[in-house]
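*Asks:* Have a look; sequence and predicted model below, questions after that.
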Amino acid sequence: MTNKTLDEAAVAAAWNSNAELWAQEVRSGFDFYRELYTLPAYLDFMPSIQGKQVIDLGCGEGSNTRRFGKLGGHMTGVDLSEEMIRRARQTEAEEPLGIAYEIGSYSELSAFEGERFDCALSTMALMDGPDFPAAMQEAYRVLRPGGELCFSVLHPCFVTPANRWLRDEEGAHVRLRVGRYFDKEPFVEYWRFGRRPNTSELQEYVAPFAVPRFPRTLSDYINAVTGAGFRIGRIEEPRPREELARQHGWLDRWYQHAPLVLFVLATKD
């Protein structure tokens, strides 16, 4: 997989390959950043969805979509990966919440008529597609007037193609170095959930996740949202909760120095 082939087909193929282990580890609670930091903060930030028609853009295997469904939203999930959607549908069949899942791109929502939804949510997915402006235009199209868009992405100012934590002599994180902020060349990042237990059952999986990345600047994100016609009502750069930062050094570094994620809430006027 080269940079020149990092299109939506490559993204779908990567997540199809990731799907089995990803679903297993996420559903086992091994994504501790999600469980302790990014999702609780997002749930506090997002608008009420009780009784609303909601589309989840980049829903993956559906764990977050199901959490939204339990908050009262009438959920539809969309994802490029057939394998992710297959697992989401399987869970829905086993424990029905009335969620519909569709295979497709959040940058091309032709399966849905205009003004169908009251709210569009997306958690940590929109940074992993090649055409963010098109995603915003499609979200605008499928939302009703007054509908809300709420998304989270890795913070573009601090999660750059060349960021690195620097430590002092005692091993404490003392600063975050960022670099190549303006470099928008797509690349594939290879990583694993760093806090997962090293049990023998999981040792058979030796390959890391392959995640295509599409770097953008803060202005790329904001201008695409407003360019699609949305009015931005709120932006947040959440910190981990102080009590959790005291317990976990890997959260404390984000508490002390920089936000890991960026939240945006906007309205279709």
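*Replies:* The structure has been received and is ready for your questions.
*Asks:* Determine which residue lies closest to the centroid of this structure.
*Replies:* Met124 (1.1 Å; C-alpha atoms, centre = their mean).
*Asks:* and that residue, what is it in contact with?
*Replies:* Arg34, Thr38, Ser152, Val153, Leu154, Val261 (C-beta atoms under 8 Å, 6 or more residues apart in numbering). C-beta here means a position set from N, CA and C on the backbone, and glycine is covered the same way.
*Asks:* tell me which element the closest residue to Ser81 other than its chain neighbours falls in.
*Replies:* The shortest distance from Ser81 to any non-neighbouring residue, by C-beta to C-beta, 6 or more residues apart in numbering, is to Trp15 (3.8 Å). Per DSSP states H and E, Trp15 falls inside helix 8-27.
*Asks:* in the protein, what residue sits furthest out from the centroid?
*Replies:* Glu169 (34.5 Å).
*Asks:* Tell me how far that residue lies from Ala41.
*Replies:* As judged by C-beta to C-beta, to the nearest Å, Glu169 and Ala41 stand 32 Å apart.
*Asks:* what are the phi and psi angles of the closest residue to Asp183 other than its chain neighbours?
*Replies:* Leaving aside its sequence neighbours, Asp183 sits nearest to Pro161 (C-beta to C-beta, 6+ apart; 5.1 Å). The phi/psi pair for Pro161 (degrees, to the nearest 10) reads phi -60, psi -10.
*Asks:* Just give the number of residues close to Pro161.
*Replies:* 17 (other C-beta atoms under 10 Å).
*Asks:* Likewise for the one 10 residues further on?
*Replies:* Here the number of neighbours of Gly171 (other C-beta under 10 Å) works out to 8.
*Asks:* That one: what's it in contact with?
*Replies:* Neighbours of Gly171 in contact, by C-beta under 8 Å, 6+ apart: none.
*Asks:* so it sits in a helix?
*Replies:* No - under DSSP: H, G, I helix; E, B strand; the rest coil, Gly171 falls outside any helix and is assigned coil.
*Asks:* Would you check that Thr267 makes contact with Pro145?
*Replies:* No - taking C-beta atoms under 8 Å as the definition, Thr267 is not a contact partner of Pro145, at 9.3 Å.
*Asks:* Disregarding residues adjacent in the polypeptide, which is nearest to Asp131?
*Replies:* Ser107 (4.5 Å).
*Asks:* I'd like to know how far that neighbour sits from Thr217.
*Replies:* If you go by C-beta to C-beta, the gap between Ser107 and Thr217 works out to 19 Å.
*Asks:* All set, thanks.
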